[in-house]
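In: Generate coordinates for the sequence data below:
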Amino acid sequence: MRAAIYARYSSDLQSETSIDDQLAVCKAHVENEAWGLVGTFSDSAISGTTLDRPGLSDLMQSAKQSGLDVVVAESLDRLSRDQEDIAGLYKRLTAWQVQIVTLSEGLIGELHIGLKGTMNALFLKDLGAKALRGQLGKARAGLAAGGIPYGYRVLKEIGPDGEINRGQRQIVDEEAKIVRRIFEEYAAGRSAVAIAKGLNADGVPSPRGGTWNPSTIQGHKGRGVGLLHNRLYVGKQVFNRHAFVRDPDTGTRRARMKDREDWVEADVPHLAIIEPDLWGEVQTRLRNIPQRRPELNRRPKRLFSGLVKCSQCGHPMTIAYRDRYGCANARQKGTCTNTRTVAAPLLEERILNGLRDQMMQPELVETFIAEFQAEIKRLRRDETRREAEADQQRAKLQAKIDRLVDIITEGNAGDISALTSKLRSLESELIQLPELGKATLPNLDMNANAVHLYQQKLDSLRETLTKDDRTRDQATEALRGLVDRVIAIPGEKRGEFDLELHGYLAQAIVMGMHGNDGGGRGIRTLDTR
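Out: Model (predicted):
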């Protein structure tokens, strides 16, 4: 009998000597049976729920080539813990006239495959449930229940009973500085791509010790993964958001979002690295960008790229050649007659001058603020009316409930069950009435110096455009935030254009009201144009 031995252990937490121990006892069995040992096959730190194992593949290839009569293993679950997989292995080995013998079960037959396969599957399910139960208990207590994110390390402390208190974490100061840098740069307008390049250029190791990738920083908005989405940085631990399901074909694990009510959240303020205001700015920016791969969220090539439109066809004007804007439709499709081009630096300078000198005309600002305040007053009147109506409805329902309660308690009711049913219906209706909280409506009170302040900040932004990447990105986003679109109208002469600037007046007014430096933060308070 030509025999081969197979050994396996599941995870990195187990000792590599487990393989040696399995091989030793199996060799002793082969010798006792006077079989000839053809070879040994093994897989280290690989789960038995997947067939994607090099050692197992080599074993099956040897069996298929008629090089074996019997496969020896410590137990059947060393070959596989999956019902479908173990049945498939048995089916193939039987077809190749190869027996399976284990030290625990002996010669394997169909009954073993059915019973042991079921038992192993139940074992895995039970093991997973127990592990999750323990993790949920840790998570509710604010302890680490899974992986340790970048910026933290495991803290091992000996408790009064002499046992190690597991699940404690502490902030790693050096990594916390990098976390703050990433959040500050992103809030200032830099992309995940630019941040990753900057960290790599500075030689900062990534969480896994290699180079930084944009997806590590920005992650995925829908799944809430990625450094910028991790609420632990603001002192909020969230656990059990995902269920990991193993793909039956590839053996790889895939994450699936769980229902919101299954999440376990805990406040851990001692682990906060980021201030709430900075966290809020970053989350607002993340919500406002399209869900694309981070590497596709590129910085605009020019200051107003994508905002300049052709007056003839309405489509964007892009850089045609030699740093000149031209109609994309005319150049690429021939569907527009506007073949004129204009130098990008000249066009940008004219737009900046328009923003400075035309956007904040005093009479325009005065009219805008008057209309804005009138709209705010109307919204406040509507809010007061809705609150009054809700209070009246609530009072009517409560009066009906009180009357029914009096009737029931005084014993004057006929059909108690009908009244009780009506009472429950009214109580349910009362509970479902929406609670109208006070809406925060902004005020827009301009001081006499606001126009001058706006012009000063705009001039400061123009100077910032010539500085380093970090401040330039911030200034670019602030300036682009003031512009809705620019219509380029061909003039009579070659290279001559009239420009029609459509800007966000509210953004300009807010810039003149607040004491920020004109950067990306604080200027997009209002959406009103």
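In: make it CA atoms for all contacts and neighbour counts henceforth
Out: Will do.
In: give me phi/psi at Gln99?
Out: The phi and psi values for Gln99, taken as degrees, to the nearest 10, are phi -90, psi 160.
In: so it touches Glu110, yeah?
Out: No. In terms of CA atoms under 8 Å, Gln99 does not count as a neighbour of Glu110; the distance is 11.7 Å.
In: Comparing these two, which residue is more hemmed in?
Out: Neighbours around Gln99 and Glu110, counted as other CA atoms under 10 Å, are more numerous at Gln99. The numbers are 18 against 11.
In: so what's the residue nearest to that one when sequence neighbours are not counted up against?
Out: What sits nearest to Gln99 in space, not counting adjacent residues and going by CA to CA, 6 or more residues apart in numbering, is Val70, at 4.5 Å. Applying CA atoms under 8 Å, 6 or more residues apart in numbering to Val70 gives the contacts 1-4, 98-101.
In: does Asn338 count as helix, strand or coil?
Out: coil (DSSP: H, G, I helix; E, B strand; the rest coil).
In: Look up how far Thr337 lies from the nearest residue to it once chain neighbours are set aside.
Out: Nearest non-adjacent residue to Asn338, counting by CA to CA, 6+ apart: Ala330, 6.2 Å away. Using CA to CA, to the nearest Å, one obtains 6 Å as the distance from Ala330 to Thr337.
In: How about Tyr6?
Out: 75 Å.
In: So between those two, which is more surrounded?
Out: Neighbours around Tyr6 and Thr337, counted as other CA under 10 Å, are more numerous at Tyr6. The numbers are 24 against 12.
In: May I ask you to confirm that that one belongs to a strand?
Out: Yes. Under three-state DSSP, Tyr6 sits within a strand.
In: Confirm for me that it is in contact with Ser75.
Out: No. With contact defined as CA under 8 Å, Tyr6 does not count as touching Ser75 (9.8 Å).
In: which one is Ala272 nearest to, not counting chain neighbours?
Out: Nearest non-adjacent residue to Ala272 (CA to CA, 6+ apart): Gly235, at 4.1 Å.
In: which residues sit in contact with the one you found?
Out: Residues counted as contacts of Gly235 (CA under 8 Å, 6+ apart) are 267-273.
In: packing partners for the helix or strand containing Leu430?
Out: Per DSSP states H and E, Leu430 falls inside helix 416-432. If contacts are counted by 3 or more CA pairs under 8 Å, 6 or more residues apart in numbering; DSSP states H and E, helix 416-432 sits against helix 362-410.
In: quick one: average pLDDT of the helix it packs on?
Out: For helix 362-410, mean pLDDT is 79.
In: go on, stretch 6-25?
Out: Over the span of stretch 6-25, the pLDDT mean works out to 76.
In: what about it, start to end distance?
Out: 11 Å.
In: hmm, back to that, ok now the helix holding Leu430, how far from the chain's centre?
Out: In terms of CA atoms, centre = their mean, to the nearest Å, the centre of helix 416-432 is set 43 Å apart from its chain centre.
In: And stretch 197-205, by the same measure?
Out: Relative to the mean C-alpha coordinate of its chain, stretch 197-205 is positioned 22 Å out (CA atoms, centre = their mean).
In: Contacts for that stretch next, please.
Out: Here stretch 197-205 makes contact (CA under 8 Å, 6+ apart) with 211-212.
In: how does this protein divide up, domain by domain?
Out: Domain assignment for the chain by automatic domain parsing gives 2-125, 169-231+271-296, 308-360+447-513.
In: I'd like those domains written out as CSV, with distance to Arg153 added.
Out: Below are those laid out as CSV (distance: least, CA to CA, whole Å):
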stretch, distance to Arg153
domain 2-125, 18
domain 169-231+271-296, 6
domain 308-360+447-513, 30
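In: The stretch 151-300 of the chain: helices as residue ranges?
Out: Applying DSSP state H, counting those that start in this stretch to the stretch 151-300 of the chain gives helices spanning 173-187, 192-201, 214-218, 276-288.
In: Report the buried residues of the second one.
Out: Burial within helix 192-201, assessed by neighbour count using 16 or more other CA atoms under 10 Å, is assigned to 192-200.
In: about what we covered before: highest mean neighbour count out of the helices of the stretch 151-300 of the chain?
Out: Mean neighbour count (mean count of other CA atoms under 10 Å) peaks for helix 214-218 among the helices of the stretch 151-300 of the chain, with a mean of 20.
In: pLDDT score for the residue nearest to Gln99?
Out: For Val70, the pLDDT comes out at 95.
In: Please name the bridge partners of it.
Out: Beta-bridge partners recorded for Val70 (DSSP bridges): Ala3, Gln99.
In: For it, give its distance to Arg2.
Out: When Val70 is compared with Arg2 (using CA to CA), they lie 6 Å apart.
In: rewinding a little: between the domains of the chain, which gets the lowest average pLDDT?
Out: domain 308-360+447-513 (a mean of 80).
In: Please state the offset of that one from the chain centre?
Out: The chain centroid and the centroid of domain 308-360+447-513 are separated by 33 Å, computed with CA atoms, centre = their mean.
In: Format the contacts of Val70 as TSV; extra columns: distance to Trp279.
Out: Output for these, formatted as TSV (distance: CA to CA, whole Å):
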residue	distance to Trp279
Met1	68
Arg2	65
Ala3	62
Ala4	58
Val98	62
Gln99	61
Ile100	58
Val101	59
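In: any idea which of these is closest to Ser66?
Out: Val98 (8.4 Å; CA to CA).
In: wait, doesn't that closest one sit right on Ser62?
Out: No. Between Val98 and Ser62 there is no contact under CA under 8 Å: 10.6 Å.
In: more neighbours, the two?
Out: With neighbours defined as other CA under 10 Å, Val98 and Ser62 compare such that Val98 has more, 21 against 15.
In: separation between the more buried one and Pro269?
Out: In this view, Val98 and Pro269 are 61 Å apart by CA to CA.
In: which residues in the stretch 1-150 of the chain form helices?
Out: Under DSSP H, counting those that start in this stretch, the stretch 1-150 of the chain gives helices at 17-32, 54-64, 76-79, 83-95, 110-140.
In: Pull up the gap between the residue nearest to Ala272 and Thr420, please.
Out: Applying CA to CA, the value for Gly235 to Thr420 is 46 Å.
In: which parts of stretch 88-104 are buried?
Out: For stretch 88-104, burial by neighbour count (16+ other CA under 10 Å) applies to 89-90, 93, 96, 98-102.
In: from the residues you listed, which two are the most distant?
Out: Taking CA to CA as the measure, the buried residues of stretch 88-104 span a maximum distance of 18.2 Å, between Trp96 and Thr102.
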